[in-house]
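Visitor: Predicted model, plus sequence, below.
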Amino acid sequence: MPHALEITRTFNAPPARVFACFTNKEDWSAWAGPREVRGEVTILEPRVGGRFRMVMHRPDGTEIAAGGVFQVLEEPSRLAFTWKWEHGEDTTLVTIFLRDVGGKTEMHFRHEGFTSEGDRDAHNGGWTGCFDKLEVFAATGERQKGVVLEGAA
């Protein structure tokens, strides 16, 4: 039975700003990658059917890459894309809903199609680290390059 990961976060930025953080190459690169990892978006075609590819640069110098295809782009409230690690993991689906809450953005993130709880849980740690960096970037424009943010586990 496939497993799903769900995360809800609130960002101190309007939905259009948070949406742009997923559809602008420089913006996504600024926060991509979990703690201690620098992400680099190398391909970004923000349209339905368009592709993306990102490379995660780990502190030990190794790199891993993931990519996918945009399925839904409804600015500023919803986007969905497939997700696949280039080293052969199954293709999964990410769906993101953005809702204005008094000028801030409530994000409901769902990543589904994992074949094991372990894989889902590993992605939870990765996405949580990404969203810690996104929280700062969306609000301030400050890039968090592989920095463990204060209070982050």
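Guide: Ah, there it is.
Visitor: check contacts around the residue lying closest to residue 35 once chain neighbours are set aside.
Guide: Using CB to CB, 6 or more residues apart in numbering and skipping residues adjacent in sequence, the residue nearest residue 35 is residue 129, 4.0 Å away. (Each C-beta comes from the backbone N, C-alpha and C, glycine too.) Contacts for residue 129 (CB atoms under 8 Å, 6 or more residues apart in numbering) come out as 33, 34, 35, 36, 37, 152.
Visitor: Run the chain-centre distance for the helix or strand encompassing residue 129.
Guide: Taking DSSP states H and E as the criterion, residue 129 maps to helix 117-140. Here helix 117-140 is found 7 Å from its chain centre; the criterion is CA atoms, centre = their mean, to the nearest Å.
Visitor: one step back: dump the contacts of residue 129 into CSV; add distance to residue 59 as well.
Guide: Formatted as CSV, those follow (distance: CB to CB, whole Å):
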residue, distance to residue 59
33, 11
34, 11
35, 10
36, 5
37, 7
152, 15
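Visitor: now, among the residues you listed, which is nearest to residue 100?
Guide: residue 152 (26.0 Å; CB to CB).
Visitor: Any quick ChimeraX command for the buried ones out of the contacts of residue 129?
Guide: To isolate the buried subset of the contacts of residue 129 in ChimeraX, counting by 16 or more other CB atoms under 10 Å, use the following:
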select :33,34,35,37
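Visitor: if you look at the contacts of residue 129, which of them are in helices?
Guide: Using DSSP state H, no member of the contacts of residue 129 falls in helices.
Visitor: Relative to residue 66, which of the contacts of residue 129 is nearest.
Guide: residue 33 (10.3 Å).
Visitor: what sits against that closest one?
Guide: 39, 54, 56, 57, 129, 130, 133, 146.
Visitor: Show the buried residues in those residues.
Guide: 39, 54, 56, 57, 129, 130, 133.
Visitor: Just list whatever residues bridge to the third one.
Guide: Right, the one you point to is residue 56. Counting by DSSP bridges, residue 56 is bridged to residue 39, residue 64.
Visitor: what pairs with the helix or strand containing residue 97, and is each one parallel or antiparallel?
Guide: Using DSSP H and E, the element containing residue 97 is strand 92-101. Counting by DSSP bridges, the strands paired with strand 92-101 are strand 78-85 (antiparallel), strand 104-114 (antiparallel).
Visitor: how about these in JSON lines, adding mean neighbour count and mean pLDDT?
Guide: Compiled in JSON lines, the strands paired with strand 92-101 are given as follows (neighbours: other CB atoms under 10 Å; pLDDT from 0 to 100):
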{"stretch": "strand 78-85", "mean neighbour count": "18", "mean pLDDT": "97"}
{"stretch": "strand 104-114", "mean neighbour count": "18", "mean pLDDT": "97"}
